[in-house]
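**Q** Pasting a predicted model and its sequence here:
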Amino acid sequence: MTRKLSYAEAIREATEQEMARDPSIIVLGMGVDDFRGIYGTTKGLVEKFGSDRVFDTPLSEDAMTGVAIGAALAGLRPIHVHIRMDFLLLAMNQIINIAAKARYMYGGAVSVPIVVRSVIGRSWGQGAQHSQGLHSLFMHVPGLRVVAPSTPYDAKGCMASALRHPDPVMFVEHRMVHFQKGVVPEEPFTVPFGRARTLAPGKDVTLVGVSHMAVECLRARSLLEQAGIQAEVIDPVSLSPLDADGIAASVKKTGRLVVVDTSWTFCGTSAEIVTAVLERTQGKRDVSFARLGYAPGTCPTTKPLENLYYPNPQTIAMAAHTLVKGEGTRWEPRTSEAPEVVEFKGPF
Amino acid sequence: MTRKLSYAEAIREATEQEMARDPSIIVLGMGVDDFRGIYGTTKGLVEKFGSDRVFDTPLSEDAMTGVAIGAALAGLRPIHVHIRMDFLLLAMNQIINIAAKARYMYGGAVSVPIVVRSVIGRSWGQGAQHSQGLHSLFMHVPGLRVVAPSTPYDAKGCMASALRHPDPVMFVEHRMVHFQKGVVPEEPFTVPFGRARTLAPGKDVTLVGVSHMAVECLRARSLLEQAGIQAEVIDPVSLSPLDADGIAASVKKTGRLVVVDTSWTFCGTSAEIVTAVLERTQGKRDVSFARLGYAPGTCPTTKPLENLYYPNPQTIAMAAHTLVKGEGTRWEPRTSEAPEVVEFKGPF
Amino acid sequence: MSEVLFRELYRIRHVEQEVARVYPTDKIKSPVHLSIGQEAVSVGVCQTLRADDIVFGTYRSHALFLAKGGNLRAMIAELYGKATGCTRGKGGSMHLIDVAAGVMGTSAVVGTTIPLAVGYAYALKMRGSGALVAAFFGDGAVDEGAFHESMNFAALKKLPVLFVCENNLYAIHSPQAARQAKSNLCERAASYGMHAEHVEYGDVFTIRDRTAAAVSAIRAGSGPRFIECMTYRWKEHVGPGDDFAAGYRTRAEAEPWYARDSLNLIGARLDPAVRARIEHEVQAEVRDAFEFAESSPFPGHEELLTDVYGVA
Amino acid sequence: MSEVLFRELYRIRHVEQEVARVYPTDKIKSPVHLSIGQEAVSVGVCQTLRADDIVFGTYRSHALFLAKGGNLRAMIAELYGKATGCTRGKGGSMHLIDVAAGVMGTSAVVGTTIPLAVGYAYALKMRGSGALVAAFFGDGAVDEGAFHESMNFAALKKLPVLFVCENNLYAIHSPQAARQAKSNLCERAASYGMHAEHVEYGDVFTIRDRTAAAVSAIRAGSGPRFIECMTYRWKEHVGPGDDFAAGYRTRAEAEPWYARDSLNLIGARLDPAVRARIEHEVQAEVRDAFEFAESSPFPGHEELLTDVYGVA
Ligand SMILES: Cc1ncc(C[n+]2csc(CCOP(=O)(O)OP(=O)(O)O)c2C)c(N)n1
Ligand SMILES: Cc1ncc(C[n+]2csc(CCOP(=O)(O)OP(=O)(O)O)c2C)c(N)n1
Ligand SMILES: [Mg+2]
Ligand SMILES: [Mg+2]
């Protein structure tokens, strides 16, 4: 059980194993069958399963989402892949008006078991329209499931779960976690939705990091150790359903919460996590909290501004430090840029 | 200064006055020039300003949003009207990827002063796809302004502000507030964005109601009076920018907050308002809070379930009562359904 | 054969007239978009379909639902918001479905079911099923990008889809010319490499026969086909009334359509006794459906959040 | 005239070759989509445009930006992420703009600028300006619903728009035939009632002359027109390298395009002295632009959140 895979390989493996198990699974999306294979995540699938089950599509996000839903109504299990989450903005009508609602508005007569994969871009000048984390938009809408695992293990297990799930699943991948490596069992397994994962234990403050920010929170935790602070790092893994009870249990222990999202904070995932935790702690435990995310603006391409745009281990650690030690204390840990961000050169 | 207008009339008047003032304002959207005139809000405009400035469009929400943006880049000020907010799901790409970002991603070289009007449906079996309040989705994205006034006065003033504003403004109207009547000055005036309005004073609990829920909060306030509870009712009016300081000032006084949204609570406006308030009160004032909104599911058409789907004066008052009197206390005020909901028979 | 068509047409007409009659009582608390005047399209097309063929429609799908064999009682109960409705009272008139009859969904958002139909057809083709999918939509839906994207993909993959455009000249109150540069929808369809048919006068026999030819071709593997059926909506866009007073159209425009109404034309040619018998039978069936709806229970409060999610 | 065209073509080619040369240094930290091989389309079209005409483009718009008169220094500085860039370093290669030159925007999301162009044209027409808008997009953008909706509305309102499809046969690695039922884009355009032209071999003179005719017609009030220019991308979809090894296309496919490259053909016909002078001048200008970019400052930290909102 020490075999290591990258996150991208883990997704590929889960997809391949599930497709072998279940002939109703199909994969569609621009470029899923080309030589790049969506950063390797779909590589080899067309050779193995044929072009009926793995196919390229026109640049038609709206209709192709509808096509995936229609195929699901007919009993298939489509995985629809988007190399940038930003392009989902063309597919909102089908996802929200149809996929999310079909089961209910048709009185339980149908299921729409589609998996919509999309990749959040970052680094190397992705800019305004190639860097958005839009998971909050989907979390808001009942009928959808939203998962955003950060480890190769959870990537594989969540993909398997998604491909056995009765509801539409928004599967959110961050381009910078594709490169993460970790132990992944070879045999198929599932990771249940709605359970947060404690990535590292601690007693002084709870750091909740979404997707790539879970990786950055782990780095922040190391920095905080230098200041004698023990941070518990939690990856929600699944955003809807959200394991608010699990996160709140940690916060009841630490009394402090920092939520770090790979998106904007305003009216987003971090607001939900804060609120959901405080709903469970109010009247029981005093909690101080902070939320971090993209700077409240559009994403710049130039490196110096891009560096400021994202939370990083330093800013995360400083926010946690302030909660633990109080407003007055100044502390600025040394840190270096995340290797996956430094090394990334595309292809976009 | 006692002239009364309905909310729909107030919007029409503001539009007409601003169009007379500024020849760059145009109005487009399906049905803006027909005999119904979008519930009366655009009635008479085509006769007065001509069909170049007021025109019907194809059923092409995506491209027509782009057309509005393109016209704005050329110096016009389009008002793009949608009779249901649900249809904006077809326009997300242009609104979020272009309108929200153009100024920044073009380094300040351009402005996109469009006003996107949309109506939230309710009652009379609007159902899954004609009842969504999707303002939270737009609040999440920097570069957009989102307003959702609840009174005729604010409707007129916000529309005038929107039509003088340099940024894209999402103007959210609830079909059930179109019927509200109130005093509205005849001469043009503006209501600044980013300032919440206290609709009624109180000291025991702060009720924040979004759009139609502000009306319902006022009714809840009357019920609470029967229990000797004085509720302060706040209408945020503008959701982005949000007057978090103003709302927090009330909560610092009352120590209790109930946020009621005309949408889902999960990852939505109510989570943001709670978080923004608690960010300002933490460490200063103990606050207990609750949030209410649509039931966490898809909207049903049948009346008995639709009645359960929405917060109402009774459920709002009960939530506030629990905050004030504690968990153990049972209190169930009598209330009747909102007249605007009972009377509504369409046209949808 | 005329008897069958008459029965089908009359049944739909009568159901909708009953809906219109009941409507002012407010027992049907939901927008209804009546097909009165347009029945021949659904009936003509569905006559040529097999039981295992699939249809998708719009919010204006009472006619389609019934023509494809959807359960009448479940439909009326649905309009009444009852638990016995085809969506358990949760969807209403705009979201009719009957999986057993192959009515796989209707939607209140214009154009959204077109790609669903195409995706369903993809699955059918992949499975080698001989069935096909008919996608019904209005002239307004053609304005939407989803129409273009769906036509392209269906043609690209040679999918077994029949695109049925019910062109009633208006989208709500907007005439086609206020929305489309040209009214040449068949030419548009042909530009995707798709065989396209135009049926001018909404005659049920013509629609049936042209569809039959298209359906044979599709089953033989021709790929998708397009049929545009001109028709006319007699009632207001939504609701049970007339709307000639509104000014966006004239009664004079409607009159030729009344004159060429397939139901009346066929009815006039039928043996009066046969006609009376059919009408009588249909009326009894419809009366039963309304009584069923009236007497059915509303869904219980515990149903508010059932079927939002499936059981994982 | 050949001299002008040569200079334009060479200038763009040389700029992009310099971008490719610098790229491995990682000074340009941003995706770049090179137009090398496709310059003739932008140059041919823009030769016929007035200074007050407007263009909209895609993420692959270096050529268009320069052909329409965009500021070269500001463009290179933008690729370098500098404060002197045309978007102050905030947009990069995919979001070039030059309001003074009428380059009103480019976008990383395929198809999104087509409706912007149409809306801009609406404003121009409403104002009675004699100017027009040219909307540039690739063969991939035609797949999008926005294309259809935009064509329809432009034709409906007879707007002064020239739709320019740069058909380079691929969208990333997908050939047109993997995405479109038919390659008859002109027929598609014509179905909206729009005059449509197909230019087979990417020759700059042909493109210029056909565009000139289209532009005159549009100015005379013909409404929108469509021109499809066949062309070929020499480099990989994004980035500075070749990609024939990837297997999705062959060098043999590219070779005829190398042979018919307008830049080479015109260059070969020019007086060598003239040619050398032009090349020399352009090289100096380009060198200056890169030096300008290199020596310009990055935007300061205080710029992170400027221009998210305007001043109300
Ligand atoms: C995407 C979308 N835009 C707008 C509407 C509002 N709307 C409802 S019906 C309709 C007209 C549709 O016309 P058509 O497709 O011709 O169908 P018909 O009603 O004539 O049967 C419109 C615009 C909608 N429901 N969905
Ligand atoms: C809406 C959208 N979908 C997908 C992509 C990913 N993508 C980037 S470029 C491209 C191909 C576009 O092809 P084409 O329009 O022919 O332009 P070309 O690159 O050939 O110049 C795709 C699919 C995108 N940027 N936007
Ligand atoms: Mg119609
Ligand atoms: Mg191309």
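**A** Received, thanks. Ligands and ions are numbered 1, 2, ... in the order given.

**Q** how about the residues of the stretch 151-300 of chain C that lie near ligand 3?
**A** Residues of the stretch 151-300 of chain C lying near ligand 3 by Cβ under 5 Å from the ion: residue C:168. Where C-beta positions appear, they are placed from N, C-alpha and C, glycine not excepted.

**Q** at 8 Å instead, please
**A** Listed as neighbours of ligand 3 in the stretch 151-300 of chain C under the rule Cβ under 8 Å from the ion: C:166-171, C:176, C:233.

**Q** any idea how far ligand 3 is from the closest residue to residue C:89 other than its chain neighbours?
**A** Leaving aside its chain neighbours, residue C:89 sits nearest to residue B:302 (3.5 Å; criterion: Cβ to Cβ, 6 or more residues apart in numbering or on different chains). Between residue B:302 and ligand 3 the distance is 28 Å, computed by Cβ to the ion, to the nearest Å.

**Q** Could I get the pLDDT score of residue C:298?
**A** Residue-level confidence at residue C:298 comes out at 98, pLDDT.

**Q** Show the contacting residues for it.
**A** Going by Cβ atoms under 8 Å, 6 or more residues apart in numbering or on different chains, residue C:298 touches B:302-305, C:81-83, C:89.

**Q** Just flag the most distant two among the residues you listed.
**A** B:303 and C:83 (12.6 Å; Cβ to Cβ).

**Q** Just the closest residue of chain A to ligand 4, please.
**A** residue A:59 (9.7 Å; Cβ to the ion).

**Q** That residue contacts residue D:141, correct?
**A** Yes. With contact defined as Cβ atoms under 8 Å, residue A:59 reaches residue D:141; the gap is 6.9 Å.

**Q** Would you mind checking the contacts of residue C:298 for buried ones?
**A** B:302-305, C:81-83, C:89 (16 or more other Cβ atoms under 10 Å in any protein chain shown).

**Q** partners of the lengthiest strand in chain A, with directions?
**A** In chain A, assigned by DSSP state E, the strand with the most residues is strand A:256-264. The strands beside strand A:256-264 in its sheet (DSSP bridges) come out as strand A:205-209 (parallel), strand A:288-294 (parallel).

**Q** and those strands, which is most packed in?
**A** Mean neighbour count (mean count of other Cβ atoms under 10 Å in any protein chain shown) peaks for strand A:205-209 among the strands paired with strand A:256-264, with a mean of 29.

**Q** what about the strands in the chain?
**A** Because you didn't say which chain, this covers chain A. A:4-6, A:25-28, A:54-55, A:77-82, A:115-120, A:145-147, A:169-174, A:181-183, A:197-200, A:205-209, A:231-235, A:238-240, A:256-264, A:288-294.

**Q** look at chain C instead
**A** C:54-58, C:103-107, C:133-138, C:161-167, C:170-171, C:174-175, C:195-199, C:225-230.

**Q** Now tabulate these in a markdown table and tack on mean pLDDT.
**A** Formatted as a markdown table, the strands of chain C follow (pLDDT from 0 to 100):
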| stretch | mean pLDDT |
| --- | --- |
| strand C:54-58 | 98 |
| strand C:103-107 | 98 |
| strand C:133-138 | 98 |
| strand C:161-167 | 98 |
| strand C:170-171 | 98 |
| strand C:174-175 | 98 |
| strand C:195-199 | 98 |
| strand C:225-230 | 98 |
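
**Q** can you tell which of those strands is closest to residue A:263?
**A** Residue A:263 lies closest to strand C:103-107 among those, at 29.8 Å (Cβ to Cβ).

**Q** just the angle between that closest one and strand C:54-58, please?
**A** Relative orientation of strand C:103-107 and strand C:54-58, computed by axes from the mean of the first three to the mean of the last three Cα atoms, to 10 degrees: 20 degrees.

**Q** I'm curious whether strand C:103-107, anywhere along its length, sits up against ligand 3.
**A** No. Strand C:103-107 lies out of reach of ligand 3 by Cβ under 8 Å from the ion, never closer than 15.0 Å.

**Q** chain center to that strand, what's the gap?
**A** Its chain's average C-alpha position is 10 Å from that of strand C:103-107, according to Cα atoms, centre = their mean, to the nearest Å.

**Q** Against which helices or strands is that strand packed?
**A** On a contact count with 3 or more Cβ pairs under 8 Å, 6 or more residues apart in numbering or on different chains; DSSP states H and E, strand C:103-107 meets strand C:54-58, helix C:62-67, helix C:113-127.

**Q** of these, which approaches residue A:261 most closely?
**A** Among the helices and strands packed on strand C:103-107, if distance is taken as Cβ to Cβ, the winner is helix C:113-127, at 31.9 Å.

**Q** related to what we said a few turns ago, which of residue A:59 and residue D:141 has more residues huddled nearby?
**A** Neighbours of residue A:59 and residue D:141, each counted by other Cβ atoms under 10 Å in any protein chain shown, are more numerous for residue A:59; the result is 26 against 23.

**Q** Next, find the distance separating the more buried one from chain B.
**A** Distance, residue A:59 to chain B, by Cβ to the nearest Cβ, to the nearest Å: 12 Å.

**Q** Show the end-to-end separation of stretch A:224-241, please.
**A** This stretch, stretch A:224-241, spans 30 Å end to end (Cα to Cα, to the nearest Å).

**Q** Is chain B within reach of that stretch?
**A** Yes. Looking at stretch A:224-241 against chain B by Cβ under 8 Å from any Cβ of the partner chain, the contacts come from residue A:240.

**Q** buried set for that stretch?
**A** For stretch A:224-241, using 16+ other Cβ under 10 Å, the buried residues are A:224, A:227, A:229, A:231-241.

**Q** Pick out the residue closest to the middle of chain A.
**A** Nearest to the mean C-alpha position of chain A, counting by Cα atoms, centre = their mean, stands residue A:148 at 2.2 Å.

**Q** Verify the stated contact: that residue with residue A:162.
**A** No. Residue A:148 is beyond contact range of residue A:162, at 11.7 Å (criterion: Cβ under 8 Å).

**Q** Point out where the chain drops to low pLDDT.
**A** Unless you meant another one, I'm taking chain A. A:1, A:347-348 (pLDDT under 70).

**Q** The chain in question should be chain C.
**A** Judged against pLDDT under 70, chain C has no low-scoring part.

**Q** coming back round to it: please name the residues that touch the residue nearest to the centre of chain A.
**A** By Cβ under 8 Å, 6+ apart, the neighbours of residue A:148 are A:135, A:171-174, A:210-211, A:236-239.
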